[in-house]
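Colleague: Could you look at this predicted model? Sequence included:
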Amino acid sequence: MSKTLHAARTMFAFAALAMLAQAHVGSPDIYLDSKAGPYQLFITIRTPQVIPGVAELEIRSETPGIRQIRAVPLPMSGPGASFAPVPDQLTASPQDPQLFTGSLWMMAPGSWQVRITAEGAQGTGQIAIPVPSAALTTKKMPFGLGALLSVLGLFLVAGVVAMAGANAREAKLDPGVEPTAPQRRRARVAMAVSFLIVAGILWAGSSWWASEAAAYGHKVYTPMNMQAGLDSSGVLSLNLSDPGWLRPRPGHIALFTRSVDDLIPDHNHLMHLYAIRQPGLDVVYHLHPELVSSGVFRLSLPVMPAGDYKLYADIVHESGFPETLVSTIHIGPLNGRPLGSDDASGSFRPWPECSTTANTFTLPDNYKMVWLRPATLRARQPVLFRFRLETPSGAIPDDMALYLGMPGHAAFLKTDGTVFAHIHPTGSVSMAAFLLAQGQSSDMAGMDMPGMDHHANAVSSEVGFPYGFPTPGRYRLFIQMKHGQTVETGIFDADVR
Ligand SMILES: [Cu+2]
């Protein structure tokens with residue numbers, strides 16, 4: 001209870017807008033399609049407006065027979081991870097018995113998880129969802145509210161001063177008797193003194209507020225810096241540095257730590273880099289730079305068309321906290337090496353020239369990728385984005401393979417550059433963090449996830465990505481699937497209402 005009170009107090013005091021999940025750019029909500037024991041769940045976590053703040057949970061069970069779902073937030077590691085508080089029970093929707101909703105307090109920034117327990121006809125199942133928690137910005141007070149509160153505040157100040165004056169002037173007078181000159185003088189002195197006292201209180205309040213706001217400002221998330229450089233032989237170098245977000249002050253306990261030296265591999269690579277040519281978003285590369293020294297990644301670039309590229313680098317810290325670092329680089333004519341075996345590329349016409357309703361993308365080898373597109377797409381709507389790969393004659397390819405351990409990889413990019421999200425069939429969470437949350441190691445051994453089958457011949461030619469567009473507008477989707485030794489990159493455009 002006191003925790004809740006404290007949280008509420010902190011929230012009102014800071015009036016700060018915060019978001020979760022910087023695993024992506026501008027896409028803080030979490031979407032996950034995974035199994036909790038016997039139950040297939042589509043989980044949406046809407047991130048809180050403040051830290052501490054409330055996360056909204058929405059879980060749709062694709063398996064019937066669930067009686068109840070409970071959820072609890074926990075730190076990803078440390079003592080807090082083993083002493084779970086009592087979980088909250090989610091509310092079943094009266095219209096739809098498969099839909100459960102609820103809300104959870106996220107108390108501090110850092111690497112968190114939400115542990116979900118489903119109970120029903122087939123017994124009990126559990127799943128943990130990594131939830132990186134960070135304040136992203138401080139919210140300004142709306143002008144109207146500020147003006148209203150200022151007027152009301154002035155009214156209070158005037159009232160206090162007037163009351164002090166009236167008290168000194170006429171409190172002891174009989175009704176109808178006029179105050180004397182000394183009484184009027186005393187009243188003016190009382191008003192001056194009370195005004196000074198009220199002004200002093202306001203000044204103290206304002207300095208307290210400013211210092212709290214400044215302290216909160218230090219907690220606002222700043223991603224690691226990434227400086228990109230290219231040498232004359234076509235070697236790209238990426239230098240990571242930490243601007244000092246949440247670095248503990250002397251004598252304070254670290255809430256959260258991250259560094260350039262604590263990265264863990266996510267499906268076999270420390271960094272997944274998308275290079276996307278601007279402004280047409282017409283050329284895309286999915287590359288994997290190697291760590292060569294502390295905070296320095298290098299990659300000998302493949303042959304790439306010249307132009308300005310925006311670089312989106314996905315990394316995961318050992319705490320399970322994922323980040324997407326952004327940088328830009330100009331690439332001139334270069335003699336690149338051939339593409340590496342885990343690397344892939346694709347191209348299409350620039351987005352302004354493309355239809356937002358085309359469902360079939362013809363690949364360079366005449367294979368086709370088909371988007372089983374819903375009739376309308378709305379912002380914040382959880383959707384399973386389904387794609388199918390076909391041979392040139394429209395048949396199911398018989399040599400489907402996993403690409404980087406998964407049946408598919410997707411990147412959702414808003415054409416104005418405000419959104420980038422790298423999504424997998426399991427959802428929007430980082431795979432390494434997801435495994436950490438389940439209590440497994442972050443390497444690929446023992447990976448057991450939906451849509452992931454270790455028998456290569458069982459890889460489906462259809463893949464689904466659970467995701468929701470964060471805002472309305474125009475998006476470009478880059479979808480990668482593999483057959484034989486070929487990684488195919490399909491490109492699709494969408495208008496989101
Ligand atoms: Cu991926």
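Modeller: Cool, got the structure. Please read all numbers here as calculations on a predicted model, not as lab measurements.
Colleague: so where do the helices sit in this structure?
Modeller: With DSSP state H, the ranges of helices along the chain come out as 2-14, 143-170, 181-217, 431-437.
Colleague: So for Gly295, which of the ones you listed sits nearest?
Modeller: Evaluated with Cβ to Cβ, the helices of the chain place helix 431-437 nearest to Gly295, the distance being 18.4 Å. (C-beta placed from N, C-alpha, C; glycine too.)
Colleague: Low-confidence stretches in the protein?
Modeller: The chain contains residues with pLDDT under 70 at 1-23, 49-50, 136-137, 247-255, 440-457.
Colleague: can you redo the helices of the chain as a markdown table with distance to Arg497 and mean neighbour count?
Modeller: Formatted as a markdown table, the helices of the chain follow (distance: least, Cβ to Cβ, whole Å; neighbours: other Cβ atoms under 10 Å):
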| stretch | distance to Arg497 | mean neighbour count |
| --- | --- | --- |
| helix 2-14 | 31 | 13 |
| helix 143-170 | 28 | 13 |
| helix 181-217 | 35 | 13 |
| helix 431-437 | 30 | 25 |
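Colleague: nearest to Arg277, of those helices?
Modeller: Closest among these, using Cβ to Cβ: helix 431-437, at 26.6 Å.
Colleague: so what's the closest residue to Ile479 other than its chain neighbours up against?
Modeller: Closest residue to Ile479 apart from its sequence neighbours, by Cβ to Cβ, 6 or more residues apart in numbering: Gly490 at 4.4 Å. Applying Cβ atoms under 8 Å, 6 or more residues apart in numbering to Gly490 gives the contacts Gly346, Phe361, Leu363, Met369, Trp371, Phe387, Leu477, Phe478, Ile479, Gln480, Met481.
Colleague: Tell me how the protein divides into domains.
Modeller: Domain assignment of the chain by automatic domain parsing yields the ranges 2-134, 143-217, 227-496.
Colleague: hang on, the earlier thing: and the contacts of Gly490 as CSV, adding distance to Pro79?
Modeller: Converted to CSV, the contacts of Gly490 look like this (distance: Cβ to Cβ, whole Å):
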residue, distance to Pro79
Gly346, 46
Phe361, 50
Leu363, 51
Met369, 47
Trp371, 46
Phe387, 43
Leu477, 42
Phe478, 41
Ile479, 42
Gln480, 40
Met481, 43
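Colleague: Mark which of the residues you listed are buried, thanks.
Modeller: Buried subset of the contacts of Gly490 (neighbour count, 16 or more other Cβ atoms under 10 Å): Gly346, Phe361, Leu363, Met369, Trp371, Phe387, Leu477, Phe478, Ile479, Gln480, Met481.
Colleague: Just list the residues touching Ala121, thanks.
Modeller: Ala121 neighbours (Cβ under 8 Å, 6+ apart): Pro64, Gly65, Ile66, Arg67.
Colleague: Surely the third one is in contact with Ile116?
Modeller: Put plainly, it is Ile66. No: with contact defined as Cβ atoms under 8 Å, Ile66 does not reach Ile116; the gap is 11.1 Å.
Colleague: The two: which is more packed in?
Modeller: Ile116 (26 against 22; other Cβ atoms under 10 Å).
Colleague: coming back round to it: okay, the helices of the chain in CSV with distance to Phe297 next?
Modeller: What follows is the helices of the chain, written out as CSV (distance: least, Cβ to Cβ, whole Å):
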stretch, distance to Phe297
helix 2-14, 36
helix 143-170, 45
helix 181-217, 30
helix 431-437, 16
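Colleague: Would you tell me which of these gets closest to Phe83?
Modeller: That would be, of the helices of the chain and by Cβ to Cβ, helix 2-14, which comes in at 13.8 Å.
Colleague: which residue packs closest to Met400, ignoring adjacent ones?
Modeller: Met400's closest residue in space is Val459 (Cβ to Cβ, 6+ apart), at 4.1 Å.
Colleague: typed the wrong thing, it's Gly26
Modeller: Here the residue nearest Gly26, using Cβ to Cβ, 6+ apart, is Val419, at 4.2 Å.
Colleague: and that neighbour, what does it touch?
Modeller: In this structure, Val419 makes contact with His24, Val25, Gly26, Ser27, Phe412, Leu413, Phe469, Pro470, Thr471, Tyr475, judged by Cβ under 8 Å, 6+ apart.
Colleague: From those, which land in strands?
Modeller: Phe412, Leu413, Tyr475 (DSSP state E).
Colleague: which among these gets closest to Pro265?
Modeller: Closest to Pro265 out of these is Phe412 (23.2 Å), distances taken as Cβ to Cβ.
Colleague: how many neighbours does the closest one have?
Modeller: Neighbour count of Phe412, defined by other Cβ under 10 Å: 25.
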